[in-house]
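Novice: quick one, what's the 3D model for this:
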Amino acid sequence: MNFEGRCHKYMLASAGCYDMFNEVLTREYSDFRYAKAHHYTVDAYAIQHPGETSNQQAVNSVGVHLVSLYCLFEKDYGLDRSAKIKTEFAQFNKAKKIIHPIQRPQEFKGFTVFDIWDNEDPGAHFDLCKRWAADAWGSWRKHHETVEKWAGAFLSKQRA
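Specialist: Residues are numbered from 1 along each chain as shown. Reported below is the predicted structural model:
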């Protein structure tokens, strides 16, 4: 494990943590048994490693991933629909600029990338990633109402 080296350009993570995340992504990209959990993985990691609130790219990223998890856990949308909404909501936000900085949670409880990275059971990967994403989403509980408003603005536009 590399504890010195590259990090994401705006996510706040150590090099070792970012390496773990990239190893999980490599597993998901290269082995179909892991691939179906990819959206949980990306959303969970992104919202557990928010960048500075002064960096609008980081703010937008967190907002988009939070909306994705809102759609998964609060609206019970499937992974495919949520992934599509994530992409479309990102474009919607570019035009409307509705995502604004919100304060990151004081701490993240529950699963982290380490719990996923350390797993070598493809059968358990999906459930572990779903639990990780649910834990990460729960950590932002204080802002669920704000995320619901962002999602609502977009979803109402889709219905119109």
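Novice: quick one: the helices in the chain, in order.
Specialist: With helices called from DSSP state H, the chain shows them at 15-30, 32-35, 38-48, 56-73, 79-96, 113-117, 122-139, 144-159.
Novice: what does the average pLDDT come to for the third one?
Specialist: Read it as helix 38-48. Mean pLDDT, helix 38-48: 97.
Novice: residues in contact with that helix?
Specialist: With contact meaning C-beta atoms under 8 Å, 6 or more residues apart in numbering, helix 38-48 is reached by 11, 21, 24-25, 28-29, 61-62, 65-66, 68-69, 72, 79, 82-83, 86, 108, 111-113, 116, 126, 129-130, 132-133, 135-137, 139-140. All C-beta spots, glycine's among them, are computed from the backbone N, C-alpha and C.
Novice: quick revisit: which of the helices of the chain is buried the deepest?
Specialist: Of all these, helix 38-48 has the most neighbours on average by mean count of other C-beta atoms under 10 Å, namely a mean of 24.
Novice: could you tell me the angle between that one and helix 122-139?
Specialist: Helix 38-48 and helix 122-139 are oriented at 40 degrees to each other (axes from the mean of the first three to the mean of the last three C-alpha atoms, to 10 degrees).
Novice: what's the spacing between helix 38-48 and its chain's center?
Specialist: Relative to its chain's centre, helix 38-48 lies at 3 Å (C-alpha atoms, centre = their mean, to the nearest Å).
Novice: compute the inter-axis angle for it and helix 79-96.
Specialist: 40 degrees.
Novice: rewinding a little: nearest to I102, of the helices of the chain?
Specialist: helix 144-159 (6.0 Å; C-beta to C-beta).
Novice: and the closest one, C-alpha only, in CSV?
Specialist: Extracted C-alpha coordinates of helix 144-159, given in CSV (Å, rounded to 0.1, in the frame of the first residue of the first chain):
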residue,chain,number,x,y,z
HIS,A,144,-31.1,15.2,3.7
GLU,A,145,-33.8,17.9,3.4
THR,A,146,-31.4,20.0,1.3
VAL,A,147,-30.5,17.1,-1.0
GLU,A,148,-34.2,16.3,-1.3
LYS,A,149,-34.8,19.9,-2.6
TRP,A,150,-32.0,19.6,-5.1
ALA,A,151,-33.4,16.3,-6.4
GLY,A,152,-36.9,17.6,-6.4
ALA,A,153,-36.0,20.6,-8.5
PHE,A,154,-34.5,18.3,-11.1
LEU,A,155,-37.1,15.5,-10.9
SER,A,156,-40.0,18.0,-11.2
LYS,A,157,-38.3,19.4,-14.4
GLN,A,158,-38.2,15.8,-15.8
ARG,A,159,-42.0,15.4,-15.2
